[in-house]
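Asks: Build me a model:
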Amino acid sequence: MSRKHVLLSLCALGATGVALYYGYDYYENNSTRGLEAKYAKLSPEFSKAMVSVRNGTQGTYQSTNSRLVSPTYVTSRHFLDIISKSYFGELNKEFILTSNSYRQDPSIDRFIEFAKVCDKMSELDIYNYGDHPTCRYANVIWELSQKDPEVIKSLALLGIMASAREVRPHNQTELSKSLIALEKNISNFDLGFTYTLPTSEYLTQENVRSHTRSWFNLSVLERRK
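Replies: Below you'll find the predicted structure:
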């Protein structure tokens, strides 16, 4: 075997050895190649939805801003309604709702995995908006959720409940009525997770507000004391 072949074999063995030593999950989640592969696998599912997010939030805002205090300020409740509908309206379609339980669309778990990939790529400085445009949108909601999967799942649920609330009474369906009932009695339902939303105190922190202004042209009003 030539010296070149020996060196190539040793390099390949070294990469394999790292994966075997730490485990393939560690290798996938902490190496440039592993993260790039996961991005390539997961991003197609979310690219279309994420690209429309910014327009979706601004479109919703523009259609309702006549009811707001000013063109750029919203309550925390209104802000979360807008964001949850825009981010998860297309993703949380295949949910299951019974008289006492709710299960989200499986795509929500995949979105959480995708957001973690983007976050890790940023942490390892292998993140580039040009190369990974969908990460830009995933990172925004991941930061707003304080990197908590329970909050992501809660926002996905809020999105469909908020949409149901907007259906006019004469257009209500059995499903929209069931979602409204779920929101009113959420503590009595088996959700499979703990329903947790970002607080008004968190959303009105200046660093968070700067992100919401930059991305959505929306700023959350501080609660009156």
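Asks: Could you report the separation of the residue most central in space within the chain from Thr75?
Replies: In the chain, the residue lying closest to the centroid (Cα atoms, centre = their mean) is Ile141, at 4.7 Å. Applying Cβ to Cβ, to the nearest Å, the value for Ile141 to Thr75 is 19 Å. Glycine gets a C-beta too; all of them are placed from N, C-alpha and C.
Asks: What of Thr199?
Replies: The gap separating Thr199 from Thr75 is 13 Å, by Cβ to Cβ.
Asks: Report the next helix or strand after the helix or strand encompassing Leu182 in sequence order.
Replies: Secondary structure assignment for Leu182, by DSSP states H and E: helix 174-184. Sequence-wise, the next helix or strand downstream of helix 174-184 (DSSP H and E) is helix 200-203.
Asks: for that next one, which positions count as buried?
Replies: For helix 200-203, the neighbour count (16 or more other Cβ atoms under 10 Å) marks 200, 203 as buried.
Asks: swap in stretch 201-213?
Replies: Neighbour-count burial for stretch 201-213, counted by 16+ other Cβ under 10 Å, picks out 203-204, 208-209, 212.
Asks: can you give me the strands in the chain?
Replies: Here the chain has its strands, by DSSP state E, at 73-74, 96-97, 102-103, 219-220.
Asks: shouldn't Arg213 be in contact with Val220?
Replies: No. If you go by Cβ atoms under 8 Å, Arg213 and Val220 don't touch, sitting 9.6 Å apart.
Asks: Looks like the residue nearest to the centre of the chain contacts Cys118 (just checking).
Replies: No. Using Cβ under 8 Å, Ile141 is not in contact with Cys118; the gap is 10.5 Å.
Asks: if we can go back for a sec, between Thr199 and Thr75, which is the more surrounded one?
Replies: More crowded of Thr199 and Thr75, by other Cβ atoms under 10 Å: Thr75, with 16 against 12.
Asks: What residue, apart from its backbone neighbours, is nearest the more buried one spatially?
Replies: The shortest distance from Thr75 to any non-neighbouring residue, by Cβ to Cβ, 6 or more residues apart in numbering, is to Leu221 (5.6 Å).
Asks: show me what contacts the one you found?
Replies: Residues in contact with Leu221, defined by Cβ atoms under 8 Å, 6 or more residues apart in numbering, are 69, 73-76, 204.
Asks: Quick one: the helices in the chain, in order.
Replies: Secondary structure of the chain by DSSP state H: the helices cover 3-22, 24-30, 32-51, 53-64, 76-88, 107-123, 133-144, 149-165, 174-184, 200-203, 206-216.
Asks: Show me what counts as buried in the third one.
Replies: Residues of helix 32-51 classed as buried under the neighbour-count rule (16+ other Cβ under 10 Å) are 34-35, 38-39, 42-43, 46, 49-50.
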